[in-house]
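Undergrad: no sequence for this one, just the structure:
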């Protein structure tokens, strides 16, 4: 049984990590979050230690280490801009990492972390769960089997409503979240790279605090993309859940259906990581470099390949 620590226990994604730790037969020894609304822990690890001050969390881990009680993994669910410092903290203390995406906000951080891995002998693992989705794997196989000169036309649309709280939280500040394209889109860009190969062209057609749109070319695809947290962009057939959401990936006019099967993907990710088959730093590089470019790329005023929804916001 492996011993886990978790940073960011009050976050939206933390319950999936708590469930994955439990479902893989391991134990959460300690967690921390500046927010003390972590009642979800009682459903999984009611006996785990908990701290709201990082210094106290750090001191506890040091005490455990002196007593010979090793923490094997640190799961990181903290805000995006804190990932790099929390990963470095874990590596310096000889603990392997399981970190939510985006792993880091800047590609140069990946090089720093490679040096940390080498120096301290610990490893960074990431959650790239779309790579484990059966529909995505089947699509990748289909693309690989197609004629090598075939370039696929793809429309990616992801619309999800966010209230006024969003812009006042850390997610509403580009320097902390990376902006809309990073915060809600990085897993899609990783999926596109995973399926369609290397990226060869990057354009931004629109960008504000709620919406981002543009065009990407990969080795095997031409992708028109549109991401938004503006509820005004939602269609009437948006899916009602804890928030209104519309997600669509059209490939040559055919809808890719992958709305089901998400529930267990974090657990599957943990199983792979614990078996030594997790996704590390380099598997994250293309997606991180992509969103990094999308944050700074000049807006192309007269695009040749534009997403149909672009006319709605311009």
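TA: The structure has been received and is ready for your questions. Note that the structure is a prediction, hence the values are computed from the model and not measured.
Undergrad: where are the low-confidence patches of the stretch 151-300 of the chain?
TA: Scanning the stretch 151-300 of the chain for pLDDT under 70 picks out 242, 260-263.
Undergrad: ranges for the helices of it?
TA: Ranges of helices in the stretch 151-300 of the chain, per DSSP state H, counting those that start in this stretch, are 165-168, 174-177, 180-183, 186-196, 265-274, 281-296.
Undergrad: Need the winner for burial among these.
TA: Burial of the helices of the stretch 151-300 of the chain is given as mean neighbour count (mean count of other CB atoms under 10 Å); helix 180-183 ranks first at a mean of 25. In short, each C-beta sits where N, CA and C put it, glycine included.
Undergrad: contact partners of it?
TA: Contacts of helix 180-183 from elsewhere in the structure, counted by CB atoms under 8 Å, 6 or more residues apart in numbering, are 80, 102, 105, 171, 177, 189, 207, 209-212, 227-229, 291, 294-295.
Undergrad: Measure how far that helix is from the centre of its chain, please.
TA: Taking CA atoms, centre = their mean, to the nearest Å, one finds the center of helix 180-183 at 10 Å from the center of the full chain.
Undergrad: Check stretch 275-292 too.
TA: 10 Å.
Undergrad: From residue 206, how far out is the closest residue to residue 222 other than its chain neighbours?
TA: Setting aside the residues directly before and after it, residue 222 is nearest to residue 153 in space (CB to CB, 6 or more residues apart in numbering), at 5.3 Å. Here residue 153 is placed at a distance of 20 Å from residue 206 (CB to CB, to the nearest Å).
Undergrad: The two - which one has more neighbours?
TA: Counted by other CB atoms under 10 Å, residue 153 and residue 206 do not tie: residue 206 has more neighbours, with 20 against 13.
Undergrad: Could you check how far the more buried one is from residue 105?
TA: 21 Å.
Undergrad: On the pLDDT front, check the most far-flung residue of the chain relative to its centre for me.
TA: Here the centre of the chain is the reference, and by CA atoms, centre = their mean the most remote residue is residue 67, at 34.8 Å. Here, the pLDDT recorded for residue 67 equals 95.
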